[in-house]
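Visitor: Model the structure of this input:
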Amino acid sequence: MKLWFRASGVAAAPHEDLLLLETLRSYPDRTLADAASKKLRNHLWYLSKEMLPLAFFDDSVCGTTKTSIVKAMREKQGGDHFPKKAQIPADSQVQLRDLASFSCCRFFEKTKISTAFFRLDPLHW
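Guide: Next up is the predicted model:
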């Protein structure tokens, strides 16, 4: 229920989507959990390369995770293909940094938000 009440905060969506997938992975009723997980995987647009950077504005995402996302954005090449939602296999444990790449920079280009704050420790963002 906690995830449902937080769902209205768009900045929290990438992190909350992954938390919900993780919660479903350990849910005791496998039939229900698998059905819910399958449905959720059809709605992971907040985990796309263009939307993932919303996690930078989520206070529940720790500084270490934000730093690892910035590092992945600098080190992992992105492509010209931008799927509307993330493709996450049912049996994988994925973290925000695993989904980040240079392609995430497109979010900042489109919104005209400077990435200069990346040079600072996330505690000072």
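
Visitor: burial count for K66?
Guide: 22 (other Cβ atoms under 10 Å). C-betas here are computed from N, CA, C, even on glycine.

Visitor: Please determine how far it is located from H124.
Guide: For K66, the distance to H124 (Cβ to Cβ, to the nearest Å) stands at 11 Å.

Visitor: With L18 instead?
Guide: Computed with Cβ to Cβ, the distance linking L18 and H124 is 25 Å.

Visitor: If you count surrounding residues, which of those two has more?
Guide: When L18 and H124 are compared for neighbours, L18 comes out ahead with 22 against 8, by other Cβ under 10 Å.

Visitor: That one reaches R97, doesn't it?
Guide: No - using Cβ atoms under 8 Å as the test, L18 is too far from R97 to be in contact (10.8 Å).

Visitor: Can you get me a residue count around the nearest residue to D121 once chain neighbours are set aside?
Guide: Nearest-residue entry for D121: G63, 6.7 Å, with adjacent residues in sequence omitted and distances by Cβ to Cβ, 6 or more residues apart in numbering. Burial of G63 is recorded as 12 neighbouring residues (other Cβ under 10 Å).

Visitor: start at 54 instead
Guide: Got it, the first residue is 54 from now on, which makes the last one we talked about G116.

Visitor: Next up, the contacts around G116.
Guide: For G116, the residues meeting the contact criterion (Cβ atoms under 8 Å, 6 or more residues apart in numbering) are D174, P175, L176.

Visitor: Also I141?
Guide: For I141, counting by Cβ under 8 Å, 6+ apart, the contacting residues are L74, R94, L97, L100, V147.

Visitor: of those, closest to A86?
Guide: Of all the contacts of I141, the one sitting nearest A86 is L74; the distance, using Cβ to Cβ, is 10.1 Å.

Visitor: helix or strand right after the lowest-mean-pLDDT helix or strand in the chain?
Guide: Lowest by mean pLDDT, DSSP states H and E among the helices and strands of the chain is helix 55-59, with a mean of 58. Following helix 55-59 in sequence order, the next helix or strand is helix 66-78 (DSSP states H and E).
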